[in-house]
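In: okay, predicted coordinates and the sequence, questions at the end:
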Amino acid sequence: MSAAGLHVSSEVLPETPPKGTRRRISAPTVVGIFLAAVAVISILRVVTGANDLASSGALAAAIGLAVPIGMAGLGGLWSERAGVVNIGLEGMMILGTWGAGFFGWHWGPWAGLFGAVLMGVVGGAIHALATVVFGVDHIVSGVAVNIIGLGVAKYLAARVFTGAAGGGPTQSPPVADLPSVTVPGASSGLGTLEQKHIFFVSDLAGVVRSVITDLSVVTIIAVLLVVATWWILWKTAFGLRLRSCGESPVAAETLGVNVYRYKFLAVLVSGGLAGLGGGYLALVAANIYRDGQTGGRGYIGLAAMIFGNWRPGGLVSGAALFGYTDAVQLRGGGTTVHAMLLLLAVLIAAVGVWQIWRKHAVVQGIIALGTAAVVALWFVLSNTVPDEITGMTPYVATLLVLAFASQRLRMPAADGQPYRKGEGH
Amino acid sequence: ACGNSSNTSTSGASSSGGAAKVKIGMAYDVGGRGDQSFNDAAAAGLDKAKKDLGIDAKEAEATQGEPESAREERLQQLIDAGYNNVVAVGFAYAPAVAKIAKANPDVKFAIVDSTDATGANIENLTFAEQEGSYLVGAAAALKSKTGNIGFVGGVNVDLIKKFEAGYVAGAKAVNPNIKVQVKYLSQPPDFSGFGDPAKGKTAAEGMYQNGADVVYHAAGGSGGGVFSAAKAAGKLAIGVDSDQALTAPADVRSVILTSMIKKVDVAVYSFITDVKDNKFQSGNKVFDLKAGGVDYATTGGLVNDIKAKLDAYKQQIIDGKIQVPTKP
Amino acid sequence: MCTITDSAIAQVGTGSSQAPAVELRGITKRFPGVVANKDIEITVRRGTVHAIVGENGAGKSTLMKILYGVQRPDEGTITVDGREVHLHSPSDAIEAGIGMVFQHFMLADNLTVLENVVLGAEKMYGIGDKARARIEQISSDYGLDVHADDMVADLGVGKRQRVEILKVLYRGAKTLILDEPTAVLVPQEVDELFDNLRELKSEGLTVIFISHKLDEVLSVADDITVIRRGTTVATVDPKAVTARQLAELMVGSELPTPSTEESTVTDRPILTIRGLSMPGAGERPVLDDVSLTIHAGEVLGIAGVEGNGQAELVEAIMGMREPSAGTVELEGKDITEWDVRQIREAGVGYIPEDRHRHALLLDAPLWENRMLGHQTEDPNVKGPWVDAKGAKADTERIVREYDVRTPSIFVTAASLSGGNQQKLIIGREMSHHPRVLIAAHPTRGVDVGAQAAIWDHIRDARREGLAVLLISADLDELIGLSDTIRVILRGQLSGEFDPDNVTAEDLGAAMTGAGARHTETATEGEPR
Amino acid sequence: MKALDLRKLGLAVAAPVLAILVAFVVTSIVLLAAKDPVGAVWTQLLTPPKPRLVVAIINSAAVYYLSAIAVAVGFRMNLFNIGVDGQYRVAAFAAAVFAGQGWLPGPLNVLVSLVIAMVAGAFWAGIAGWLKVTRGVSEVISTIMLNAIATALVSFLLGKVAKSTSGSNVTNTKTIPADSQLGGFGLIPGTPNKIYTLILVSILIGFLYWLVLNKTRFGYDLRATGRSESAAVASGVNVKRMVLTAMLISGAIAGLVGMPLLFGQDFSYGTTFQPGLGFAGIAIALLGRNNPIGVAFGALLWSYLEQQSNGLQITANVSSQIVYIIQGVIVLAVVIAYEVVRRTGLRMEQRRVARELSETTTAPTPEGAPA
Ligand SMILES: Nc1ncnc2c1ncn2[C@@H]1O[C@H](COP(=O)(O)OP(=O)(O)OP(=O)(O)O)[C@@H](O)[C@H]1O
Ligand SMILES: Nc1ncnc2c1ncn2[C@@H]1O[C@H](COP(=O)(O)OP(=O)(O)OP(=O)(O)O)[C@@H](O)[C@H]1O
Ligand SMILES: [Mg+2]
Ligand SMILES: [Mg+2]
């Protein structure tokens, strides 16, 4: 087994069109897609009356849930762009939560943030040592980092937090809050507008309001980090070298690039970002470290990154999709998710029609239409979704989007392949 | 019931002296001593017994996702180490207790929260969480101005549903038209809902923004998120297991209307005294309102104005005039 | 970091130093189980094209990698411009003014030409517009016809090679190493490349050039060094030797004379293709109504510039791709809908163009590679079970009969030199007595001796009624081996050429469309 | 040549020994840094386990083994099935519901339930496989998602079918009839505890895994696909079908993971059914390098550490969480050690060849020839 083929299969499968079909999404398109999404949700809200679908609260919660996932994903992006598969994000994130708790408790929340990054970097260093220096399989190392991260955090937590006021073996004492930002006048003004529930306008107001109300500095830092990542990786010589290590390390080597150095650095940054994601969980989403606080978000971050086709913009949309659907199900529970059933039915029906009409795939089309009818029937016959089921919303949504969106995922060509200097020419 | 006063060392080191010392082995559930919640409450009972009765104790805790054999082994090792009275904290221990109790008929067992393990040497310490929850439900309804309250459950298991059932019943008793928003954070066997403050916060925020003005949580460590959400929204929250107005971080204590106290410490303490006084009795011992096993907290004074009404409900339950449901 | 600019290049031309550009003394390099280089002695004069020839596995590539700092010699010294250098990494070599074009191109497919070129040399012109301008300038100066913002994945082989050369020029290298640069090029491209080399030479640059094509070597080189079994056996003057003498130097013994063959073509059609079409990514189809028939005992050669549909034709025949129209018949049976396995079991042998991707499991031992593609046939399996003993024994036989140079059949395929990998593949395919052989570039990268042997194997099988579809960039091979030749251009097949009276130049013209229209250049034949 | 073989043997032994040594040192350093009693910890971990613990270790290893083999099947063709966790839970639930009905007599009930578990596991994994071959969805994402979906779905269905008694606080499916409960083998003297009857399934699966992968055409195709998809396609492997088949097989084996627990211990599926077995399986498969024997050792080591660390709190007053650190470090140390040893071996070989060649320099053409 080697990590190399991890995601390769989907690309090499026959019948996929030849490589070279690249689509660049321009800025106006992004705005267009965004407005269209708001419009769709707005229609859904008006039709179903599930007001929480586009409330600023839901969106703010979505942001809150998306940031840690996004940071983990961004960490994955750095590492995998340099050719190191990072399944260890979860472990690095866990280390980050502990670092935030420990440093934050002793030296305040900003130190906590630093501690989170630092502990994440430690996790990254383990991964880098194993994969880059010793050249072992990336998956093995990542899995080991997950286990070690979990163990170190739990063990150290039990060691240092036990007996501290408000702390215990499984949680740190409380840490003070980090500042957050609200644009005063605009926020309340938009709030009023939002409450009017006017089609589209109120929804847009909700969106805008969610980003100018009580926005944590860490969220702002996270957004800046996404932009900075894009700029560094795609617009600087450093980034070019780093990416070349993920695309073709032997080629980079023959041009004098010290591949080890870039890979090592990338994995360290990766750990730092994942750690920051953990720090967000401990410092912003809560104000303590707790065992198991990450709840698998490192894996979700990895999924968001793959979802986003190893690009910053893509991973942000992956994290946002997940964060939004998770927020909506956590807040509105059955009724809001119930409203989404309608959207699902319409989407599946559209796919069915498209398949029959354009692709002449009658059988698949009929299956899709049938499925749509069942979902629609479910929508009509019930007025809520059982609570046990709502929890799966973000996961189902992610899967559906992946399954329906015609996708051409392409990971960095040498992602996951062990690299040894001077070999493989 | 809290860990802030307990000190770092577990009591193993302090075992010495008197030959007749009662020996207690404690097997905690996942999270263990210091979880600021359920396990800590049990630990408090043990600590009190140590102080008052001079017993000798040994503690061990479960790890997430361990095999059944690990729980059996834990109990057996405590016994092997000479701790011939064993308290198993949490319903997950039921099969293990049933098995090990059979193999060790001379050892006395207590199991918290479960009636599944039975035997001549097993005492079941169970609680009427629904009764305490009924009272805080009533308190929520009495305090709610919007006629809209919330319940955040950590993990969707039967135990937590008891909390929900009592809470809803209590609220409806006060206001039959009250709206109760209910959310569970995770589904078993994913127990992350007991330790994910971010999710607790998101769920509670949603409830407050949807009009709730009091939210009750039975979500262990995720409850911290519920309190933060209450504070941010300027609304109220209700704590669980221990008197959280005393144990929660100082800055959120002011939003805690009351707490549903589940006195695991009392139950554990009573088991230990029974053992010590040779009054051990097998079978189910229900810690309900009547027995003082559950209660609501008054710390902070926010319920002072409705205390009389709550106490009236309490009396009715004790008198059996109100039957609180255990299922939602 | 290399900061040599074109002004530095100019100086070299004028400041005619007496010291040789490169001197290799006593170079020895060992790999597990093999000594790749042993006491190599070479002197390369400045401003010359110096060719290095040798059999497969002779150690040429290894030597060049040592000179480029990719591998460290175990013994020996390297002197550049009279100064002894220690090359620990390619950066050291670049700094010493050495650049290398690897045979397996060192390009990142998913980066643009610009990114590939500036990588590692960002300090020279940055990674932005200045670099772009510089690239376009070099490209037009040397007529390379590459564009900075093209995606490398979209480029054909010839262009990729020119990107590689551009990379080296961009860094202002004074000594260029080209490892088998012509193996993938058609004659016109080879001519262009040689023109480029001469131009470089005239500017004072030194070129070290590896090739198996001895005619080319003789035409372009100023000096020729022959390596045999890891050690230098002679350095000769191209004017004083013939290709045949050179070949014998390489092999160390007399070459078998290629015998002129009687035609063995029968009138029994084996493989018949009718109206095969396949849509492309863009407007133009990659295969456009292709029809052909190959008879028992016939070799049908297909000439064409790479990327004109050869790969798709082969993959359509092999069942790896679905054509949109048309049929493929094997001895009258319609096999268009069959899958790869059925087709192979029906007796279609396959020598793919890209052996690393399609013909080998690089990390698997040779004997497991021997099974690949025939994992349902004797002697590899017995019913559903793998017959390891049979496969191993037969691998030993192939290694013997096809002269695969390997320490054992248990080493991984990756540890064989390219030519030896190819011999193993051919041995494997021929061992199953195919009725049709689809051979894409069967002797690419294979030395003259082995090439002759492979040809003999194909001829022998042909005599027994094998039908061969031969795709090759080596026009001499096509002409020498084929009974019929057809040219593929933009997915369409031309009429038939008779190999007895067609010349390489004629074919070259037809391949680029110049024969018909005289308007287009060779490079425009590359559709991607 | 004899000497060489000895050296080879030495190298083969060197890797695991080195790994365990490294894990030992690293863990000791962590313990020292945290000021925990190092000696007491090792004493606890290295004391030979009591008979009943031996049984627990073997039982737990039998379960882990199935999980690891399920993962390994995927790994052998470069499929990363993170979804074993969800698959075995779906399967255990389905089997428990069926077995609980007791429609069939004793052993037959067990057998049919095993089949149902395999089908359910294969179905759940098949969704990921199907999404991959038809929609190109990375199995890494889909199996992560399907794990979470399985949790919700099983929880929902459990709520529908379970009967719960008040005071129990556990939701379980109907207990399977006594004649379908498997008593186990009393192989270890000195304890009444039994080894799961269904350890036979683990052994059988391990054997089949070895047999099918290494000795059959199908296994060859599967491994070929894992090594080079493009070469496999050209050799006639239908890669899409292979991906789906591998996923189905992996899922079917995953479906068996919960069976020893179901029929040998819990007798029903409920909220306390052991979770997380799939993730342990990933680590163990990697630890055992996807080799059936290696994985068996990995599973034993894993459960040995787990069971032995259980007593740490009682005997050494140290948090048993340290075991995660040990396990993680061992996984890393093993692969690093193998890598280092492999490279050392290569270098030794190289030096040997050089020496042999220099001894025969006078011979005319040893160079370049196979040595
Ligand atoms: N990294 C390596 N590890 C092991 N053996 C190697 C390595 N590189 C080359 N060899 C071996 O060294 C010998 C010389 O190989 P080299 O590639 O230099 O030959 P070559 O002259 O380039 O052959 P060809 O004409 O086939 O390209 C071969 O036997 C090859 O198998
Ligand atoms: N690390 C390695 N381990 C084993 N074999 C290697 C290693 N590195 C290179 N080789 C092999 O040694 C041989 C020499 O490599 P090289 O890239 O020069 O190919 P080549 O001989 O030039 O092949 P071609 O004939 O296609 O040009 C190749 O077969 C290569 O796969
Ligand atoms: Mg070579
Ligand atoms: Mg070569």
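Out: Sure, I can see it. Ligands and ions are numbered 1, 2, ... in the order given.
In: when you work out contacts or count neighbours from here on, use the C-alpha atoms and nothing else.
Out: Noted.
In: please parse chain A into its domains.
Out: A:51-307, A:334-410 (automatic domain parsing).
In: and those: which comes nearest residue A:327?
Out: domain A:51-307 (5.1 Å; CA to CA).
In: does the closest one come close to chain B?
Out: Yes: shown here: domain A:51-307 in contact with chain B (CA under 8 Å from any CA of the partner chain) through A:52, A:57-58, A:61, A:65, A:162-171, A:174, A:281, A:285-286, A:290-295.
In: quick check: mean pLDDT across that domain?
Out: Averaging the model's pLDDT scores along domain A:51-307 yields 90.
In: so is that domain next to chain D?
Out: Yes: using CA under 8 Å from any CA, domain A:51-307 comes into contact with chain D via A:130, A:134-137, A:140-141, A:143-152, A:154-156, A:158-159, A:299-300, A:302-303, A:306-307.
In: among the domains of chain A, which is the most enclosed?
Out: Across those, averaging neighbours per residue (mean count of other CA atoms under 10 Å in any protein chain shown) puts domain A:51-307 on top, at a mean of 25.
In: ends of that one, how far apart?
Out: 28 Å (CA to CA, to the nearest Å).
In: stretch C:141-155 now?
Out: Using CA to CA, the gap from the first to the last residue of stretch C:141-155 comes to 20 Å.
In: and the closest residue to residue A:57 other than its chain neighbours, which helix or strand is it part of?
Out: Nearest-residue entry for residue A:57: residue A:210, 6.6 Å, with adjacent residues in sequence omitted and distances by CA to CA, 6 or more residues apart in numbering or on different chains. Element membership for residue A:210 (DSSP states H and E) is helix A:201-212.
In: circling back: from memory the residue nearest to residue A:57 sits against residue A:56, does it?
Out: Yes: the criterion here is CA atoms under 8 Å, and residue A:210 meets it with residue A:56 at 4.6 Å.
In: roughly how far apart are the closest residue to residue A:69 other than its chain neighbours and chain B?
Out: Sequence neighbours aside, residue A:301 is the residue nearest to residue A:69 in space, at 4.5 Å (criterion: CA to CA, 6+ apart). In this structure, residue A:301 and chain B are 16 Å apart, going by CA to the nearest CA, to the nearest Å.
In: work out for me the element residue A:301 sits within.
Out: In this structure, residue A:301 sits in helix A:297-307 according to DSSP H and E.
In: distance from that helix to the middle of the chain?
Out: 5 Å (CA atoms, centre = their mean, to the nearest Å).
In: separation between the residue in the stretch 151-300 of chain C positioned nearest to chain A and residue C:112?
Out: The nearest approach of the stretch 151-300 of chain C to chain A comes at residue C:154, 6.0 Å away (CA to the nearest CA). Using CA to CA, we find residue C:154 at a distance of 9 Å from residue C:112.
In: what are the boundaries of the helices in the stretch 201-350 of chain D?
Out: Remark: helices of the stretch 201-350 of chain D, listed N- to C-terminal, are D:217-227, D:229-234, D:239-256, D:259-261, D:277-287, D:292-309, D:312-315, D:322-359; assignment by DSSP state H, counting those that start in this stretch.
In: ok, of these, where does mean pLDDT dip lowest?
Out: Mean pLDDT values for the helices of the stretch 201-350 of chain D show the minimum at helix D:322-359, a mean of 78.
In: is any residue of that one near chain A?
Out: Yes: shown here: helix D:322-359 in contact with chain A (CA under 8 Å from any CA) through D:322-329, D:331-332, D:335-336, D:339-340.
In: nearest the geometric middle of chain C, what residue?
Out: Nearest residue to the geometric centre of chain C (CA atoms, centre = their mean): residue C:183, 3.6 Å.
In: doesn't residue C:444 make contact with it?
Out: Yes: at 6.2 Å, residue C:183 counts as touching residue C:444 under the criterion of CA under 8 Å.
In: so where's chain D shaky on pLDDT?
Out: Screening chain D residue by residue with the criterion pLDDT under 70, one finds the ranges D:1-8, D:164-167, D:349-371.
In: which one is residue D:323 nearest to, not counting chain neighbours?
Out: Counting by CA to CA, 6+ apart, the residue nearest residue D:323 is residue D:309, at 6.2 Å.
In: same deal with residue D:342?
Out: Nearest residue to residue D:342 in three dimensions, chain neighbours excluded: residue D:11, at 8.0 Å (CA to CA, 6+ apart).
In: again with residue D:330
Out: Going by CA to CA, 6+ apart, residue D:330 has residue D:23 as its nearest residue, at 5.3 Å.
In: again, but for residue C:212
Out: Per CA to CA, 6+ apart, closest to residue C:212 is residue C:447, 5.6 Å.
In: and the pLDDT for that neighbour?
Out: At residue C:447, the model reports a pLDDT of 74.
In: so it sits right up against residue C:214, yeah?
Out: No: here residue C:447 does not reach residue C:214: they are 9.9 Å apart, not a contact under CA under 8 Å.
In: contacting residues for residue 148?
Out: Going with chain A. Neighbour list for residue A:148: A:91, D:324-329 [criterion: CA atoms under 8 Å, 6 or more residues apart in numbering or on different chains].
In: actually it's chain D I care about, not the one you picked
Out: Counting by CA under 8 Å, 6+ apart, residue D:148 touches A:392, A:395, D:86.
In: next, the angle helix A:297-307 makes with the host helix or strand of the second one.
Out: Going back to what we said before, that points to residue A:395. When elements are defined using DSSP H and E, residue A:395 is found to belong to helix A:393-404. Computed with axes from the mean of the first three to the mean of the last three CA atoms, to 10 degrees, the direction of helix A:393-404 lies at 20 degrees from that of helix A:297-307.
In: and helix A:393-404, does that touch chain B?
Out: No: legend: contact between helix A:393-404 and chain B by CA under 8 Å from any CA is lacking; minimum distance shown is 12.3 Å.
In: which other helices and strands contact that helix?
Out: Other helices and strands packing on helix A:393-404, by 3 or more CA pairs under 8 Å, 6 or more residues apart in numbering or on different chains; DSSP states H and E, are helix A:312-332, helix D:106-135, helix D:139-161.
In: and the last one with helix A:393-404, angle?
Out: Between the direction of helix D:139-161 and that of helix A:393-404, the angle (the same axes, to 10 degrees) works out to 130 degrees.
In: returning to what we had before: and the residues of domain A:51-307 next to chain B, which of them are in helices?
Out: A:57-58, A:61, A:65 (DSSP state H).
In: could you dump these into JSON lines and include distance to residue C:161?
Out: Conversion of those to JSON lines gives the following (distance: CA to CA, whole Å):
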{"residue": "A:57", "distance to residue C:161": "57"}
{"residue": "A:58", "distance to residue C:161": "55"}
{"residue": "A:61", "distance to residue C:161": "53"}
{"residue": "A:65", "distance to residue C:161": "49"}
